[in-house]
Structures are given as structure tokens and as C-alpha cells.
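1. Build me a structure from this.
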Amino acid sequence: MKDQVWQTIKKYHMFNQDEVIILAISGGVDSMVLLHLMIEFQQQWNLTLIVTHLDHGKRTESFLDRQLIEKVAKDHGLAFEWDFMPKEESSGNFQNHARNMRYEYFSRMAHHYQAHKVVTAHHADDHLETVVGRLLKNNTPASLIGIQAKGEINGLHVVRPLIEVKKEDIHRFAKIQEIAYNEDITNETDLYLRNRIRHYITPQLLKEDQGVLKQVRQLSDHLEADEDYFSSQVELIMSRATSVEQSHRFSKTDLQPLHPSVLRRWLKHLMPTIDQNTVLSVIDMLNDSKPHMEIDVGKGQVIKVSYDNVYWVSKENQTPEPYHFELKVGTEVKLPCGGKLSVSKRSSEKKFKNDPNVLDLCYNSEHLPLSVRNRQFGDRIELLNQQGSSKVKKIMIDKKIPRDQREAWPIVVSKDNEILWIPGLKKAPMCLDENEKNTCLTIEYTRRKS
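-> Take a look at the predicted model:
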């Protein structure tokens, strides 16, 4: 068994030279065998071993675990740390609570000792039990990875040298090497799902095929590699997104060719609680030709498609508040819809006719003060060459402005509420008149950050 563990360590590149290692030792047979082996392997990588123990307080005799571990640690000149686990604050799942408390403790010890890794005693049977448990509770391929040989939990690097070793081989090794350990009687109760899986399900699987432990390990390694690839694809999607008001905006054109497996993981990345039926509905929406659609994805969120834009919005923020601000020379107006308008005196004869984001305006002062407001029902703007006027809404549709942005889009108007400019989109004819008049302004529109 020692050789098998050695090969596992090399296979997964678990240790580097001169590392400080936190050993998570419970006092049971698995962890005491792990402690024994790590002491033997210590010199190979010049490791500094810190033995740690968290007392769960579930058994009156749990202090015996601490005494046993402390004696072995001191016999080999190793640092030893221990603590009591905080009592469960609710009547929830004790095993989940205990797991969280353990890793919180290991993280604290790792920070204290500036350790590189935490080593746990999970073995092949633990891994099989975890995969079976995930089959009963989860529905994603990633969940079937089970217990990783080498992974990260809340920023903590965790390695598991015994992950390919059978439980029966651990017991046999402990007997041959005369390794002392304590039995945890709570492992015998059927109160917990893991124990029921251990007592009734995995023994039947092993009875059918002793190779199931190895096969499940190989399956997990394959799934882990697959998920690593899919994660890189999700990161690529995220890198192409634009950030708007603490959210992300994606291109429908970029998303449509992607495989559903990638899209599903992308959606899970953005909203972990999204259910499978909603995922399928969103994927169908991406392939629909309608210019505007939306789906309620729960948690007060809506996914919207508007032309080529795909984005999340809060239900509470779908109806924008009306606004109206005066534009004064030398001031800057921050727009509720994002972006800003900067007003200054025109300092040169340079015109910005072809720049939709800059208005260089000269006209008589009776039109002052200018102001900016959001779009109103029935808004129209004059067209060039006496072609009449056009609805502002139509211009926004032609420019493919997302529907939810139209109501809050800035509109610059004169004192008489005549529309002079739709920033970023269109200017009225009078704004392009080059005849000198007594008021000359330059207004610059800066879009929201992306």
C-alpha cells in the first residue's frame, strides 16, 4: 500500500520541495495511517509537517483522539494544534456544518503557519460514497467528480494521498504496522445519508465488481479534465462581455454557435441556482429570431434579449425613474441611465457634424436654458432637408437600442421642449446650422463605462 500511495503522490504532483504542510488528523484509522506515511515521506521533499485536530465534541471520549494524536506528533517532534469545533448554530445538516468548520479551521492554521497545503485522509471508498451521494442529490457532470485527488476549497490547496487506496487495505496496513487509532462509533449509525450509502449501497457495488473503485476514480479524473476545458470556454465568454452597471452584457451572435454544454455552464456560472428547465428555456430564447424576449430566472432576476444584447436585470429596476436636468455652461451632468453630458463654451471654429457624441451648437439665447431629460411618449425630432419629423422611438428601433434602454435614453431639448439632439444617435437640423449666432456651446456625451 505504501508504494501505491507513493505513486498517487507522484501521479498528481502533490508536493514540492520545502513546503509547509497542514495534516488534518481525526484519530481514526485513515488519518492515523496518513500521519504514519507522511512522517515516512517527509524527508523526500523536506516537508515541514503541522499536525492539526478539530474535536467535534460528539462523543464523551473524543478527548482520547486528541491525546493519541498529540503523543504521536510529539514522539516525532512535530508541531501539534487542536481546537473544539463551534457548536452548530441551527438544526441543519451536522455533517455539512462539521465539514465547513473543519476547513475553516485548516484555513486558519494554514494562514498561521504560512502553509502551502492541507493534507486529508480521504480514500477510494470515501470517493465512491461521495459520487453515489451526488447521484442522489445533484444533476450536473461536475458534481460527479466527487473528491478530487488535488483541489482547492475556498482558496485552500488540499491534497489527498490515500484517494486511490481501498479502506480494507488501510485497515490491513494499520494492523501490520501496529498503528494505533480510535474508532468513531458515530460512523455506525444510519442517521446520516453517507453512513447508509456506506453500509448498504457501496458494499453491493463492490460485490458486483471490485474494480468499481478504480473505475469511478478514472471517471472522476476524466470529468475533472472536461470541466477544466469547459471552464476555460466560460472564461472566454466572460472575457468578451461588457460590464454595465454591475452586470454583464453579452452578444447574442457570439452565444448562438456555442454548444449547449458550454451555454449551460455559462448560465450556471452567472447564476448558480438556475434550474435545468430555465437553462433550456434560455438556450431556446438565444436561438429565437424575435428581437425582444425575456425570461424570469428567479431570485428577482430577468434575462433579456434585445437585438444582439443578452443581459440580466433586476425586476425592481425595469421601469426607469423620469429625470430632467438643466445644462449649464461649465457643468457636468451625470445621467441616471449611465454616462454623462459635459457642457462648455465653444473654444474654436471646429465643427462636430459627423460625431453623434458631440453637439457643437450656435443659436440665439431665447432657446436657453437647454436641458436633458429621458424620452417621453410621442417625442419627435425634425429631419434634414425638410423631410418632416420622425418619432424618437423609431430612430431608437432603427439604431437597435435595447428596449429597456430607450425609456431612460438622454434627450437634449430647448427651453420650449424642442428636441435638439438624441446623444449618440441624431441631431436636429438647427444644430447643424453654421451661421454664427450669439450663443455657442459644445456638449459632449460620454457613454456609460463598458
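
2. Could you chop this structure up by domain?
-> Following automatic domain parsing, one finds the domains of the chain at 2-218, 240-317, 324-446.

3. Just put those in JSON lines and tack on distance to D228 and mean neighbour count.
-> For glycine as for every other residue, the C-beta is placed from the backbone atoms N, C-alpha and C. Output for the domains of the chain, formatted as JSON lines (distance: least, CB to CB, whole Å; neighbours: other CB atoms under 10 Å):
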{"stretch": "domain 2-218", "distance to D228": "10", "mean neighbour count": "17"}
{"stretch": "domain 240-317", "distance to D228": "11", "mean neighbour count": "15"}
{"stretch": "domain 324-446", "distance to D228": "34", "mean neighbour count": "16"}
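
4. got the ones you listed as a markdown table, with distance to Q233 and mean pLDDT columns?
-> Output for the domains of the chain, formatted as a markdown table (distance: least, CB to CB, whole Å; pLDDT from 0 to 100):
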| stretch | distance to Q233 | mean pLDDT |
| --- | --- | --- |
| domain 2-218 | 14 | 91 |
| domain 240-317 | 5 | 87 |
| domain 324-446 | 26 | 81 |
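
5. So for V234, which of those domains sits nearest?
-> Taking CB to CB, domain 240-317 is the member of the domains of the chain nearest to V234, at 5.0 Å.

6. can I get the domains of the chain in a markdown table with distance to F230?
-> Converted to a markdown table, the domains of the chain look like this (distance: least, CB to CB, whole Å):
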| stretch | distance to F230 |
| --- | --- |
| domain 2-218 | 8 |
| domain 240-317 | 5 |
| domain 324-446 | 29 |
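
7. Of these, which is nearest Y229?
-> domain 240-317 (9.6 Å).

8. so S414 touches A428, yeah?
-> No - between S414 and A428 there is no contact under CB atoms under 8 Å: 9.4 Å.

9. Between those two, which contacts overlap?
-> L420 (CB atoms under 8 Å, 6 or more residues apart in numbering).

10. in the stretch 101-250 of the chain, which spans are strands?
-> Along the stretch 101-250 of the chain, the segments classed as strands by DSSP state E, counting those that start in this stretch run 117-119, 150-153, 156-159, 242-244, 247-251.

11. do you know which of these lies nearest R447?
-> strand 242-244 (10.0 Å).

12. how close does the nearest residue to P322 once chain neighbours are set aside get to C431?
-> Excluding the flanking residues, the one nearest P322 by CB to CB, 6 or more residues apart in numbering is N374, at 5.7 Å. Counting by CB to CB, to the nearest Å, the gap between N374 and C431 amounts to 20 Å.

13. Surely V302 is in contact with V282?
-> No - V302 is beyond contact range of V282, at 10.9 Å (criterion: CB under 8 Å).

14. re earlier: may I ask you to confirm that the residue nearest to P322 is in contact with Q405?
-> No - with contacts counted by CB under 8 Å, N374 stays clear of Q405, the gap being 10.4 Å.

15. list residues touching both of these two?
-> With CB under 8 Å, 6+ apart, N374 and Q405 have common neighbours C337.

16. does K415 count as helix, strand or coil?
-> coil (DSSP: H, G, I helix; E, B strand; the rest coil).

17. Pretty sure it sits against L327.
-> No - look at K415 against L327 with CB under 8 Å: they stay out of range, at 11.1 Å.

18. Setting the sequence-adjacent residues aside, check what's closest to I381.
-> Using CB to CB, 6+ apart, the closest residue to I381 is I419 (4.5 Å).

19. In contact with the one you found: list those residues for me.
-> D379, R380, I381, E382, V392, I411, V412, V413, A428.

20. export the residues you listed to CSV and tack on secondary structure and distance to K214?
-> Shown next, in CSV, are the contacts of I419 (DSSP: H, G, I helix; E, B strand; the rest coil; distance: CB to CB, whole Å):
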residue, secondary structure, distance to K214
D379, coil, 70
R380, strand, 74
I381, strand, 72
E382, strand, 78
V392, helix, 68
I411, strand, 69
V412, strand, 71
V413, strand, 74
A428, coil, 76
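
21. of all the residues you listed, which two lie farthest apart?
-> So, the contacts of I419 by CB to CB: farthest apart are R380 and V412, at 14.3 Å.

22. Which of the helices or strands spans I22?
-> Assessed by DSSP states H and E, I22 sits inside strand 20-24.

23. could you say what helices and strands the next helix-or-strand element following that strand packs with?
-> Downstream of strand 20-24, the next assigned helix or strand under DSSP H and E is helix 29-45. With contacts defined as 3 or more CB pairs under 8 Å, 6 or more residues apart in numbering; DSSP states H and E, helix 29-45 has these neighbours: helix 2-11, strand 20-24, strand 48-55, helix 63-75, helix 167-177.

24. Output these as JSON lines; include the columns distance to T253.
-> Shown next, in JSON lines, are those (distance: least, CB to CB, whole Å):
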{"stretch": "helix 2-11", "distance to T253": "43"}
{"stretch": "strand 20-24", "distance to T253": "49"}
{"stretch": "strand 48-55", "distance to T253": "52"}
{"stretch": "helix 63-75", "distance to T253": "60"}
{"stretch": "helix 167-177", "distance to T253": "53"}
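
25. who wins for proximity to L335 among the ones you listed?
-> Nearest to L335, of the helices and strands packed on helix 29-45 and by CB to CB, is strand 20-24 at 52.2 Å.

26. Which secondary structure elements does that closest one sit against?
-> Checked by 3+ CB pairs under 8 Å, 6+ apart, strand 20-24 has helix 29-45, strand 48-55, helix 94-113, strand 117-119 packed alongside it.

27. Neighbouring strands - and their directions - for it?
-> Here strand 20-24 is paired, per DSSP bridges, with strand 48-55 (parallel), strand 117-119 (parallel).

28. can you redo those as JSON lines with distance to C337?
-> Listed next are these as JSON lines, based on distance: least, CB to CB, whole Å:
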{"stretch": "strand 48-55", "distance to C337": "52"}
{"stretch": "strand 117-119", "distance to C337": "48"}
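
29. still on that earlier bit, give me the common contacts of K415 and L327.
-> P369, L370.

30. Let me see the residues that make contact with stretch 282-290.
-> By CB under 8 Å, 6+ apart, the residues outside stretch 282-290 that reach it are 252, 255-256, 260, 263-264, 267, 274, 293, 295, 297, 303, 305, 310.

31. so of those, which ones are in strands?
-> Among the contacts of stretch 282-290, DSSP state E puts M293, I295, V297, I303, V305, V310 in strands.

32. Please enumerate the helices of the stretch 351-450 of the chain.
-> Assigned by DSSP state H, counting those that start in this stretch, the helices in the stretch 351-450 of the chain fall at 392-398, 403-406.

33. Turn those helices into TSV, columns for distance to E224.
-> Below are these laid out as TSV (distance: least, CB to CB, whole Å):
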stretch	distance to E224
helix 392-398	48
helix 403-406	40
